[in-house]
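Undergrad: Give me coordinates for this.
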Amino acid sequence: MSKYSRGERRIHPYNPRDTRVRQGNFMKLLVKILALMALSACLMTPPAIAGAAPTGPLKLAADAPETYVVVRGDTLWDISGRYLVHPWRWPELWKVNPSIKDPHWIYPGDILHLIWVDGQPQLSLERGNTVTLSPEVRTSPLGNAITAIPYDIIAAFMTKPSVVAIDEADALPYVVALRDRHVIGGTGDQIYARGVTGSEPGRLYDVVRLEKKLTDPVDHSALGYMAVYNGRVRLLGQGTVDREPTELATLAITNSAREIVEGDRLVADEAELKADFIPHSPDQTIDGQIIAVVNGIATVGQYQVVVINRGKAHGLEPGHVLISWQRSDVAVDRKGRGPGAQREFRSLITKHVQLPDERSGSMMIFKTYDKMSYALMMTSNTSARVNDPVRNP
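TA: Numbering: from 1, shown residues only. Purely as a prediction, here's the structure:
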C-alpha cells in the first residue's frame, strides 16, 4: 500500500514547479510594492502653485451696467461682481471723488456710473437719496454704509471667539470653581476665576471651552484651538480673604448657551470689529490650507466660515481674497493601452499621475491672527474640504 493517502500531494525534496510558483508570487509582490512606492511619490509631490493674480486690462462682467443704484442689502463683493470678472480687483475699478464727503463709503441710494478713462473702466460715485434725516446725521461713515461681505454672517465671529491662538490660550483667565460648590453653572450663578487682572467691575467676558487643537498640516506646529462659546459673565470684583485681596475674581453669569464648568476660559469682550475692508488680492504669495470648518461640518459651501493656516505673519489682512482648490485623484497612465491591457510586468514601469487641481471657490479673509485666519467662502464651485489648498487668485 502506498505510504501516501489518497488525495495527498507528494512533496519532493526539489520540485521545479514549486520553485516557479514561488518566483511568480515574489514577482507579483514586487510589482505591488513598486506600484505603491510610485503612488506614494506622486501623492507626496507638492502641487504647483496657481498662477499669479490676473494682470493687464480689467475684465468687465458681460452684463456690467452703465448705471447702478445701490440698494439696502448690497455688499461691496456683490457690486464688484456685477462689474468685474475678478471681483478682488475692485481697487483698480473704484475712482475716489475727492469732492464727495467720505468718498470711500457707499450707501444705499448712491448711484454708480461706469465711465472710461484713457481706455480703462472706472466707477464714479454720485450721492443719491440715502436713508438719512439730514446730511449731518452721518457722523460715523459706517452707520449705514454697505459692508464688504454680509455682516450678519460674520458678526458672531467678529465678537465671540470660535478660535483661540496657541500663544493666547495659556494666558487666558480660567474658571477655578463655582460658588456654593456647584458642579455646573448657568445664568444667575457666580464663578471664581484666576487671571482676571486690571479690569474694572462691570467688564464683560465670553466663556469658552477649548476643544479641538488646530495644527499646521505642513510643519505640524500647534496653531490654536477651536473654542466653543458657553456664555457670558460680568466682573463683580476682585476677591478677598480676611480683607486681603486674592488672585481670584468673582464674576456673575449673565448668559449661558451651555453649562459652564471648571477649566473653561474667559476671553475679554472685544469692541465690535470693523468690516470696512475692501476685496483685494494679497501682495505676497500665499500657499496655505484649510485647517478647520467652523460648526464641524465636513464640506464647505457659500457663506460658510473656514480657518486657514496663514495669518498676519504671512502678510494676510482683512479683505484679502484667496482661491480654494480641490486636490484631484491619482490616475494610472497606461500609455493608451486602455484599462483591460495586460499589466503584469508592464506595471513595473506604469506611471501614476496626479490629476490637475480643480478650483472649488473663492474666500475673503475677515479676521486674522498671527499664523491663522478666518475666511468666508464667497463663491463655491464644488465643496471645499479640510486640507484643501488656498492660494492667490
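Undergrad: Am I right that Asp283 is in contact with Gly315?
TA: Yes: at 6.6 Å, Asp283 and Gly315 qualify as touching, with contact defined as CB atoms under 8 Å. Every C-beta, even on glycine, is put in place using the N, C-alpha and C of the backbone.
Undergrad: those helices in the protein, which residues are they?
TA: For the chain, the helices identified by DSSP state H occupy 16-44, 76-83, 90-93, 151-159, 166-169, in order along the chain.
Undergrad: if you average pLDDT over each of those, which comes out lowest?
TA: Ranked by mean pLDDT, the helices of the chain bottom out at helix 16-44, which scores a mean of 55.
Undergrad: picking up where we left off before, Asp283 and Gly315: who's more crowded?
TA: Between Asp283 and Gly315, Gly315 has the larger neighbour count (other CB atoms under 10 Å), namely 14 against 11.
Undergrad: That one is in contact with Ser281, isn't it?
TA: No: in this structure, Gly315 sits apart from Ser281 without contact. The criterion is CB under 8 Å, and the distance is 11.3 Å.
Undergrad: could you dump stretch 352-370 to PDB, C-alpha only?
TA: C-alpha atoms of stretch 352-370 as PDB (Å, rounded to 0.1, in the frame of the first residue of the first chain):
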ATOM      1  CA  HIS A 352       0.900  57.200 -11.700                       C
ATOM      2  CA  VAL A 353      -0.100  60.800 -12.400                       C
ATOM      3  CA  GLN A 354      -1.700  63.400 -10.200                       C
ATOM      4  CA  LEU A 355      -4.700  64.900 -12.000                       C
ATOM      5  CA  PRO A 356      -4.900  68.700 -12.000                       C
ATOM      6  CA  ASP A 357      -6.300  70.500  -9.000                       C
ATOM      7  CA  GLU A 358      -9.900  71.900  -9.500                       C
ATOM      8  CA  ARG A 359     -10.900  75.300  -8.400                       C
ATOM      9  CA  SER A 360     -13.500  74.900  -5.700                       C
ATOM     10  CA  GLY A 361     -14.300  78.500  -4.800                       C
ATOM     11  CA  SER A 362     -13.200  81.900  -3.500                       C
ATOM     12  CA  MET A 363     -12.900  83.200   0.000                       C
ATOM     13  CA  MET A 364     -12.400  86.500   1.700                       C
ATOM     14  CA  ILE A 365     -10.300  87.000   4.900                       C
ATOM     15  CA  PHE A 366     -12.200  88.900   7.600                       C
ATOM     16  CA  LYS A 367     -10.300  88.300  10.800                       C
ATOM     17  CA  THR A 368      -6.600  87.500  11.200                       C
ATOM     18  CA  TYR A 369      -4.400  86.000  13.900                       C
ATOM     19  CA  ASP A 370      -0.600  85.700  13.800                       C
END
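Undergrad: pull the helix or strand with minimum mean pLDDT from this protein.
TA: Lowest on mean pLDDT, DSSP states H and E among the helices and strands of the chain sits helix 16-44, with a mean of 55.
Undergrad: how about Leu251, what does it touch?
TA: Applying CB atoms under 8 Å, 6 or more residues apart in numbering, we find Leu251 in contact with Gln190, Ile191, Tyr192, Ala193, Val196, Tyr205, Val233, Arg234, Leu235, Leu236, Leu266.
Undergrad: If we use 10 Å, what do you get?
TA: Contacts of Leu251 were listed using CB atoms under 10 Å, 6 or more residues apart in numbering, and they are 173, 175, 179, 189-193, 196, 201, 203-205, 207, 232-237, 266.
Undergrad: what pLDDT does it get?
TA: What the model reports as pLDDT for Leu251 is 96.
Undergrad: how about the nearest residue to it, chain neighbours excluded?
TA: Nearest in space to Leu251, with sequence neighbours left out and distances taken as CB to CB, 6 or more residues apart in numbering, is Val233 at 4.1 Å.
Undergrad: pretty sure the one you found is in contact with Val208, am I right?
TA: No: with the criterion set as CB atoms under 10 Å, Val233 and Val208 do not qualify as a contacting pair; they are 11.2 Å apart.
Undergrad: okay, the two: which has more neighbours?
TA: Taking other CB under 10 Å, Val233 and Val208 do not tie; Val233 has more neighbours (30 against 24).
Undergrad: which residues does that one contact?
TA: For Val233, the contact set (CB under 10 Å, 6+ apart) comprises 175, 185, 189-191, 193, 196, 203-207, 249-256, 260, 264, 266, 269.
Undergrad: For it, list each beta-bridge partner.
TA: In this structure, Val233 bridges to Tyr205, Ile253 when assessed by DSSP bridges.
Undergrad: Tell me the buried residues in stretch 295-303?
TA: Of the residues in stretch 295-303, those with enough neighbours to count as buried (16 or more other CB atoms under 10 Å) are Val300.
Undergrad: Rounded mean pLDDT for that stretch, please.
TA: Taken as a whole, stretch 295-303 carries a mean pLDDT of 76.
Undergrad: tell me how far that stretch is from the chain's mean position?
TA: Once both centres are worked out by CA atoms, centre = their mean, to the nearest Å, stretch 295-303 turns out to sit 10 Å from its chain's centre.
Undergrad: No further queries at this time; thank you.
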